[in-house]
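1. need coordinates for the below:
(chains A and B)
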Amino acid sequence: QSALTQPASVSGSPGQSITISCTGTSSDVGGYNYVSWYQQYPGKAPKLMFYDVSHRPSGVSNRFSGSKSGNTASLTISGLQADDEADYYCGSYTSSSTPYVFGTGTKVTVL
Amino acid sequence: QVHLVESGGGVVQPGRSLRLSCAASGFTFNIYSMHWVRQAPGKGLEWVAVISSDGNIKHYADSVKGRFTISRDNSKSTLYLQMNSLRAEDTAVFYCARETRDYETLWVFDYWGQGTLVTVSS
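-> Below is the predicted model:
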């Protein structure tokens, strides 16, 4: 099972919006709504940002939104802020022999 | 509050074994499925294994199947990962993570430990 494909890096200026894509297949992202997103600061544990594609856990800013179309899920950050600078990973249940797969990760840089 | 603390990491030679532990507190451990996730230095996250709340159901990533064994002791609120036949490519920070019961879903990791580093090197 290969990792889901994410852009290596995405950048934006404060206040702008950016979108991170997460591309899989019909066996994972496209076939199930068990898609989550995690934020990770350097040297820290990941933090849950979204589950089931577009559900935001309590405490996560509504500047973040999630969606999915076909085999690609997306995370959008609106009103970009300095503390949004982190690595972001998508993850999905898969029907393969390895039942869960993460994305390759995207480094978000605030210019 | 929920607390997950991994331990047992260290430097080990290729082919040797190591057992990681994850001590849980602040929640009812025996009703939650638990996972191990690893991250090689400078690399992305890789899911490793899951164990059901009662310990009867286990699944593994293909990359560790046959070499790693996940287990738990609910009386001690502790999760384990027995790692045998270690390889250089197993070098990583290993995180334990709780699968949420707060939402009506599956495969969502709502709490993570701080991780323990395993280095496989001669």
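2. can you confirm residue A:73 is in a strand?
-> Yes. Residue A:73 forms part of a strand when assessed by DSSP: H, G, I helix; E, B strand; the rest coil.
3. which residues sit in contact with residue 58?
-> Picking chain A for this. With contacts defined as Cβ atoms under 8 Å, 6 or more residues apart in numbering or on different chains, residue A:58 has no neighbours. Every residue, glycine included, has its C-beta placed from N, CA and C.
4. oops, I was thinking of chain B
-> Neighbours of residue B:58 in contact, by Cβ under 8 Å, 6+ apart: B:49-52, B:69-70.
5. run the last query once more with 10 Å
-> B:49-52, B:69-72 (Cβ atoms under 10 Å, 6 or more residues apart in numbering or on different chains).
6. residue A:63 too?
-> Residues in contact with residue A:63 (Cβ under 10 Å, 6+ apart) are A:17, A:76-81, A:84.
7. which ones among those map onto helices?
-> If you go by DSSP state H, these have nothing in helices.
8. now for those, which pair is the farthest apart?
-> A:76 and A:81 (13.9 Å; Cβ to Cβ).
9. who's in contact with residue 78?
-> Chain wasn't specified; assuming chain A. Per Cβ under 10 Å, 6+ apart, neighbours of residue A:78: A:15-19, A:61-65, A:84.
10. that answer is for a different chain, and I need it for chain B
-> Going by Cβ under 10 Å, 6+ apart, residue B:78 touches B:5, B:7, B:21-24, B:29, B:34, B:71-72, B:96.
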